[in-house]
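Student: Structure for the following, please:
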Amino acid sequence: MTLIDRITSPAALRSLRPEQVEELAGEIRTFLVEKVSRSGGHLGPNLGVVELTLALHRTFDSPADPIVFDTGHQSYVHKIITGRADRFDSLRTRGGLSGYPSRAESAHDWVENSHASTAISYADGLAKAFAAKGETGRTPVAVIGDGAMTGGMAWEALNNVAAGKNRPVVIVFNDNGRSYAPTAGGMAERLADLRLKPGYERMLDQVRRTLPKAPVIGGPMYDVLHALKSAVRDWFIPQTLFADLGIKYLGPVDGHDTQALERALRRARNFRGPVLVHCITNKGQGYGPAIADTAELMHGPPAFDPITGKPLSPPSLSLGGVVGRELVKHGAVRDDVCVITAAMSGPLALDAFAAAHPDRFFDVGIAEQHAMTSAAGLALGGMHPVVAVYSTFLNRAFDQLLMDCALHELPVTVVLDRSGVTQEDGPSHHGMWDLSLAGIVPGLQVAAPRDEPSLVEQLTEALDVSDGPTLLRYPKGSVPEPLPALRRIDGGIDVLAELAPASSDGAVGAGGRASVTGGPAADVLIVAIGALAPAAVEAAGRLADHGISTTVIDPRWVLPVSSELVELAGGFPLVVTVEDGGRSGGVGSAVRDALPVGADVLVIALPQEFLEPGSRGDLLQDRGLTGQAIAREIAAQVSRTQDITSETSLQG
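Tutor: All right, here's what the predicted structure looks like:
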């Protein structure tokens, strides 16, 4: 039996000898490469935290001591140690093991953490709760890294953690940026021992209180000693900013030396106050293709060959790739176009723009709030900035979009990749909230392109807007087949389909009105939003087969609802909206509000709930957003309307 099979709990891990821990680390790396090569997932970050996670669980008593992983994609090793290795074949699948911490899976997972820069705040709150309840023996641990320390929320949390001088909080800074070398040797060890001994702290306090009072020489001597202490500290200890905040700093520590890590973590645990342990790790440690990956493709690869690290399927062009390509073109002819992203240059296909126009490309790190307000500043200065983020991360910059961009009517374009259902990453990453949020913002014009040609066209239109913000949303995945319009009508509305049932002699019904057998005319207008346009057209075909005539339109610019759409909808007994956003506050709600009271509007959208991981097809089918399901729901609504009409007629 291998060691990895024996470790089903942190208690079993703590019984291992040091040499066995090293052996286990090797087994875990082999295991991760094997499993993630089949399912895809966050490989590089987890290879980098193997020894660190082992040391954490050997030092702290999880779950009594909560271990909270910031950017929770670093939690695979934690899952293995806490008894979930046998479930890794189901990683990131429907009903399987989550790619992030999951409270439903284990008591060792305290939070469903996957949005960055939050772990220190969780730890601060836990420490305050333990203190209030008198549970003084418990120590919350925040593991932060993979860029999360660039987020402003992390620094807000550090400021508050520092205020609790007697509340134990251990912050493990997993620094995999390769910008620091570990400090090694006896001197570093001795300094670490000295800094974290309470006697040292008492001595410093006494010197601060008494020495300046000594006659004649007290003040100057204190200044000299203080300057000497600071100089020694700055010489031996990088990252003194943490100490200046009032948080004890320990490190840098070699993040792949389990014994050094355990020594450092024990010191931090025993200090019983706020401590930051600075660990230097290599992303992808122990796996050649990941170490050699300078483009971060092994951060979260799709299924790949474990020998070569190459993807099993060649990459296909995505709608995000289309945006990246078009932005390079716009940047070449317009010197006011610039791009801002929040640590997402590669995934959002922005590297080509960065290379072509380096002076107009700004990666601000994991700092979406700053990105949006910085874009407002760029617009005030005469530029047209494009803010490119995942849809789920727009949530973090909503206030800035509302108050800094829209209030000032600034020409800022926001492009949201991974809108709607985004498959394997689960509830924190499904981009289903953007339409609900966007609908609140006055003056924000929102587009939902349905295919590549419409995306190219609408990006150009967005960049031409000069009197307010614009937003484009599009899903994850390969570029879909083009869905050309039959024609474009007033308001820039595309008509995608006009289908009427065949008459008894095989002819198609005329006039755009259909008669359901035994009932009155039942025309339907389907307002199709973005990626669900093909499903809406399919639904129209199915409805025509069942005697219901349907017109399908794509408003293109879906919010705010245009007067032309309101006028068009007024000519149909039933208006149906179909979108892959939340049912509350989205386009359907806006259409219903814009139409006269009493208008029959059926909103087909995602339920207002957190969606599990799964394939896009499965999740859309489960939520009634396939062509067949849409047609069935519309037919049921038509039937209900006819029953009400017939009953009213009989009563009359």
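
Student: CA only for contacts and neighbour counts going forward, please
Tutor: Noted.

Student: Just give me the neighbour total for the residue lying closest to residue 289 once chain neighbours are set aside.
Tutor: Sequence neighbours aside, residue 309 is the residue nearest to residue 289 in space, at 5.5 Å (criterion: Cα to Cα, 6 or more residues apart in numbering). Residue crowding around residue 309 was assessed by other Cα atoms under 10 Å; the count is 19.

Student: wait, doesn't residue 309 sit right on residue 291?
Tutor: No. The pair residue 309 / residue 291 is not scored as a contact, 10.6 Å apart, by Cα atoms under 8 Å.

Student: what residue ranges in the stretch 51-200 of the chain are flagged as low confidence?
Tutor: When the per-residue scores of the stretch 51-200 of the chain are filtered using pLDDT under 70, the ranges that remain are 177-200.

Student: Same check on the chain?
Tutor: Across the chain (using pLDDT under 70), the flagged ranges come out as 177-240, 294-297, 503-522, 643-652.

Student: What residue spans form the domains of it?
Tutor: Taking automatic domain parsing as the domain assignment, the record places the domains of the chain at 3-183+237-291, 319-473, 487-651.

Student: Now tabulate the ones you listed in TSV and tack on distance to residue 298 and mean neighbour count.
Tutor: What follows is these, written out as TSV (distance: least, Cα to Cα, whole Å; neighbours: other Cα atoms under 10 Å):
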stretch	distance to residue 298	mean neighbour count
domain 3-183+237-291	5	20
domain 319-473	11	21
domain 487-651	21	19
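
Student: could you dump those to JSON lines with distance to residue 302?
Tutor: Conversion of the domains of the chain to JSON lines gives the following (distance: least, Cα to Cα, whole Å):
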{"stretch": "domain 3-183+237-291", "distance to residue 302": "4"}
{"stretch": "domain 319-473", "distance to residue 302": "11"}
{"stretch": "domain 487-651", "distance to residue 302": "14"}
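
Student: so where do the strands sit in the stretch 1-150 of the chain?
Tutor: With DSSP state E, counting those that start in this stretch as the definition, the stretch 1-150 of the chain shows strands at residue ranges 67-69, 141-145.

Student: Strand partners (parallel or antiparallel) of the last one?
Tutor: To tie it back to what came earlier, the one meant is strand 141-145. Partner strands for strand 141-145, per DSSP bridges, with pairing direction: strand 67-69 (parallel), strand 169-175 (parallel).

Student: residue ranges of the helices in the stretch 451-600 of the chain, please?
Tutor: Read by DSSP state H, counting those that start in this stretch, the stretch 451-600 of the chain holds these helices, from start to end of the chain: 452-464, 533-545, 563-569, 587-594.

Student: Rebuild the ones you listed as TSV, extending it with distance to residue 261.
Tutor: Written out in TSV, the entries for the helices of the stretch 451-600 of the chain read as follows (distance: least, Cα to Cα, whole Å):
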stretch	distance to residue 261
helix 452-464	50
helix 533-545	54
helix 563-569	63
helix 587-594	52
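
Student: among those helices, which is nearest residue 280?
Tutor: Closest to residue 280 of those, according to Cα to Cα: helix 452-464, at 41.6 Å.

Student: what sits up against that closest one?
Tutor: Counting by Cα atoms under 8 Å, 6 or more residues apart in numbering, the neighbours of helix 452-464 from elsewhere in the structure are 319, 322-323, 326, 384, 411, 413, 447, 449, 470-472, 479-480, 482.

Student: Relative to residue 51, which of those residues is nearest.
Tutor: Out of the contacts of helix 452-464, the one with the shortest distance to residue 51 is residue 319. That distance is 38.3 Å, counting by Cα to Cα.

Student: from memory that closest one sits against residue 473, does it?
Tutor: No. Taking Cα under 8 Å as the definition, residue 319 is not a contact partner of residue 473, at 9.9 Å.

Student: what's the following helix or strand after the stretch of helix or strand residue 339 belongs to?
Tutor: Per DSSP states H and E, residue 339 falls inside strand 337-341. Scanning forward in sequence from strand 337-341, with DSSP H and E defining helices and strands, the next element found is helix 351-356.

Student: Include distance to residue 420 when you put the strands paired with strand 141-145 into a markdown table, please.
Tutor: Compiled in a markdown table, the strands paired with strand 141-145 are given as follows (distance: least, Cα to Cα, whole Å):
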| stretch | distance to residue 420 |
| --- | --- |
| strand 67-69 | 26 |
| strand 169-175 | 32 |
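
Student: where's the strand holding residue 339 relative to the chain centroid, distance-wise?
Tutor: Relative to its parent chain, strand 337-341 has a centroid offset of 19 Å by Cα atoms, centre = their mean, to the nearest Å.

Student: Show me what that strand is packed up against.
Tutor: In this structure, strand 337-341 packs against helix 319-333, strand 361-363, helix 368-380, strand 384-390, with contacts taken as 3 or more Cα pairs under 8 Å, 6 or more residues apart in numbering; DSSP states H and E.

Student: a markdown table for those, including distance to residue 278?
Tutor: Output for the helices and strands packed on strand 337-341, formatted as a markdown table (distance: least, Cα to Cα, whole Å):
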| stretch | distance to residue 278 |
| --- | --- |
| helix 319-333 | 36 |
| strand 361-363 | 24 |
| helix 368-380 | 25 |
| strand 384-390 | 29 |
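
Student: Those: which one's closest to residue 541?
Tutor: The closest approach between residue 541 and any of the helices and strands packed on strand 337-341, judged by Cα to Cα, belongs to helix 319-333 at 26.7 Å.

Student: So which residues of the stretch 501-650 of the chain form strands?
Tutor: Assigned by DSSP E, counting those that start in this stretch, the strands in the stretch 501-650 of the chain fall at 524-528, 550-554, 557-559, 574-582, 601-606.

Student: residues making contact with the shortest one?
Tutor: Which is strand 557-559. 438-439, 444-448, 529, 587, 590.

Student: Can you list the strands that that strand pairs with?
Tutor: For strand 557-559, the pairing partners within the sheet under DSSP bridges are strand 445-447 (antiparallel).

Student: on that earlier part again, output the strands of the stretch 1-150 of the chain in a markdown table; the columns should cover distance to residue 121.
Tutor: As requested, the strands of the stretch 1-150 of the chain are arranged in a markdown table below (distance: least, Cα to Cα, whole Å):
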| stretch | distance to residue 121 |
| --- | --- |
| strand 67-69 | 10 |
| strand 141-145 | 9 |
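
Student: Quick one: closest of the ones you listed to residue 267.
Tutor: With Cα to Cα, the closest approach to residue 267 among the strands of the stretch 1-150 of the chain belongs to strand 141-145: 13.4 Å.

Student: following the closest one, which helix or strand shows up next?
Tutor: helix 152-163.

Student: how much does that next one deviate in direction from helix 368-380?
Tutor: Here helix 152-163 runs at an angle of 130 degrees relative to helix 368-380 (axes from the mean of the first three to the mean of the last three Cα atoms, to 10 degrees).

Student: other SSEs contacting helix 152-163?
Tutor: Packed next to helix 152-163, using 3+ Cα pairs under 8 Å, 6+ apart, are helix 119-132, helix 241-245.

Student: Tabulate those in CSV, adding columns for distance to residue 88.
Tutor: Shown next, in CSV, are the helices and strands packed on helix 152-163 (distance: least, Cα to Cα, whole Å):
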stretch, distance to residue 88
helix 119-132, 25
helix 241-245, 37
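
Student: which stretch among these comes nearest residue 269?
Tutor: Residue 269 sits nearest to helix 119-132 of all those, at 13.0 Å, using Cα to Cα.

Student: Now do the closest one: distance to the chain's middle.
Tutor: That offset, for helix 119-132, works out to 24 Å (Cα atoms, centre = their mean).

Student: Just the CA atoms of that helix, as CSV, please.
Tutor: Once non-C-alpha atoms are left out, helix 119-132 reads as follows in CSV (Å, rounded to 0.1, in the frame of the first residue of the first chain):
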residue,chain,number,x,y,z
ALA,A,119,-9.0,34.5,3.2
ILE,A,120,-7.4,36.9,5.6
SER,A,121,-10.8,38.5,6.2
TYR,A,122,-12.3,35.1,7.0
ALA,A,123,-9.4,34.4,9.4
ASP,A,124,-9.8,37.8,11.1
GLY,A,125,-13.5,37.1,11.7
LEU,A,126,-12.8,33.6,13.0
ALA,A,127,-10.1,34.8,15.4
LYS,A,128,-12.6,37.4,16.8
ALA,A,129,-15.3,34.8,17.2
PHE,A,130,-12.9,32.4,19.0
ALA,A,131,-11.8,35.2,21.3
ALA,A,132,-15.4,36.2,22.0
